[in-house]
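>>> sequence plus predicted model, see below.
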Amino acid sequence: MKKDCEISNWKAIDKGALRGAFSVKLASGIIIHGVLLFEKQGRRWIAFPAKKITSESGAVSWQPHVEIPDKGIAETFRSMVLAALDAM
């Protein structure tokens, strides 16, 4: 049976809520590098790689390179990736 996704290139990071960075290979063969794992107050989540944007006023924001606009699909993806991380 083929896995939904595989985790590789794990790098542990202990910086605030940030716990690590990794790559995700999807069943389709698409690989997303630079995915981040965060954990705070018993809650875990992932974030896609993003580009730092600084406005003229100095305000900082982040523009993700990958987006899943459908909330249901995004939650399914997050659950799949977190399960793959737990299985490592």
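Nice, thanks for sending it over. Numbers count the residues shown, from 1 in each chain.
>>> so where's this protein shaky on pLDDT?
1-2 (pLDDT under 70).
>>> can you give me the strands for it?
5-15, 18-26, 31-40, 43-47, 50-54, 60-64 (DSSP state E).
>>> those strands: which one's closest to residue 74?
Among those, the nearest to residue 74 by C-beta to C-beta is strand 43-47 (10.1 Å). In short, each C-beta sits where N, CA and C put it, glycine included.
>>> can you redo the strands of the chain as a markdown table with distance to residue 83?
Formatted as a markdown table, the strands of the chain follow (distance: least, C-beta to C-beta, whole Å):
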| stretch | distance to residue 83 |
| --- | --- |
| strand 5-15 | 9 |
| strand 18-26 | 12 |
| strand 31-40 | 13 |
| strand 43-47 | 11 |
| strand 50-54 | 23 |
| strand 60-64 | 22 |
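>>> deepest of the ones you listed, which one?
strand 18-26 (a mean of 18; mean count of other C-beta atoms under 10 Å).
>>> which other residues reach it?
Among residues not part of strand 18-26, those counted as contacts by C-beta atoms under 8 Å, 6 or more residues apart in numbering are 4-13, 31-39, 44, 81, 84-85.
>>> try it again with 6 Å
5-13, 31-33, 35-39, 81 (C-beta atoms under 6 Å, 6 or more residues apart in numbering).
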